[in-house]
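# return a 3D structure for these sequence lines:
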Amino acid sequence: MKVPDRALVALAGLAGLLGVALSAAAAHVTGGGSLDIAARFLLIHGAALLALTALIRAGAVHGPLGRAGAWLLVAGLCLFCGDLTMRAWRGVALFPFAAPAGGFALMGGWLLAGASGLAARR
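Presented below is the predicted three-dimensional model:
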């Protein structure tokens, strides 16, 4: 497995870990809200990253498009979930418009993931 693909698998595991941790914090510390949303996004997209990486590895999708989509998902998670988490814990934004930029990055990642299936050679 290529180093970028291994990195994506590791980041998917980190997203899952953080998703579980933030779910617990949302339930027991902050009472939910934006922290619960961040946790759900991390859990869902962590699984999506694992699936997309497996599809790339199997050759079922166009590798470069799939990888670009996966890395865009990672960037979107960092911005979107990072901003929601900062707002929940510190009461301040990560930086202005971080959450919307992350949301657009996530949408772009999903678009590229879908396009990688259409562009597959098989």
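# switch to C-alpha atoms for all contacts and neighbour counts from now on
Fine.
# ok, now which ones touch the nearest residue to L84 once chain neighbours are set aside?
Distances taken as C-alpha to C-alpha, 6 or more residues apart in numbering put S34 closest to L84, at 5.6 Å, once the chain neighbours are dropped. When contacts are counted by C-alpha atoms under 8 Å, 6 or more residues apart in numbering, S34 touches L84, T85, R87, A88.
# distance check, S34 against P100.
Counting by C-alpha to C-alpha, to the nearest Å, the gap from S34 to P100 is 14 Å.
# which of the contacts of S34 fall in helices?
L84, T85, R87, A88 (DSSP state H).
# quick one, which of those are buried?
For the ones in helices among the contacts of S34, a burial check counting by 16 or more other C-alpha atoms under 10 Å picks out L84, T85, A88.
# mind listing what's buried in stretch 100-107?
Neighbour counts over stretch 100-107 (16+ other C-alpha under 10 Å) mark G102, G103, F104, A105, L106, M107 as buried.
# now these as TSV including secondary structure, pLDDT and distance to L52?
Formatted as TSV, the buried residues of stretch 100-107 follow (DSSP: H, G, I helix; E, B strand; the rest coil; pLDDT from 0 to 100; distance: C-alpha to C-alpha, whole Å):
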residue	secondary structure	pLDDT	distance to L52
G102	helix	98	19
G103	helix	97	19
F104	helix	98	19
A105	helix	98	16
L106	helix	98	14
M107	helix	98	15
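# show me the two of these that sit farthest apart.
Within the buried residues of stretch 100-107, G102 and M107 form the most distant pair, 8.6 Å apart (C-alpha to C-alpha).
# which residues of the protein score low on pLDDT?
By pLDDT under 70, the low-scoring segments of the chain are 122.
# quick one: the helices in it, in order.
Along the chain, the segments classed as helices by DSSP H run 3-25, 34-58, 63-89, 98-118.
# tell me the buried residues in the third one?
Of all the residues in helix 63-89, those buried under the rule 16+ other C-alpha under 10 Å are 63, 65-86, 88.
# elements contacting it?
Applying 3 or more C-alpha pairs under 8 Å, 6 or more residues apart in numbering; DSSP states H and E, one finds that helix 63-89 contacts helix 3-25, helix 34-58, helix 98-118.
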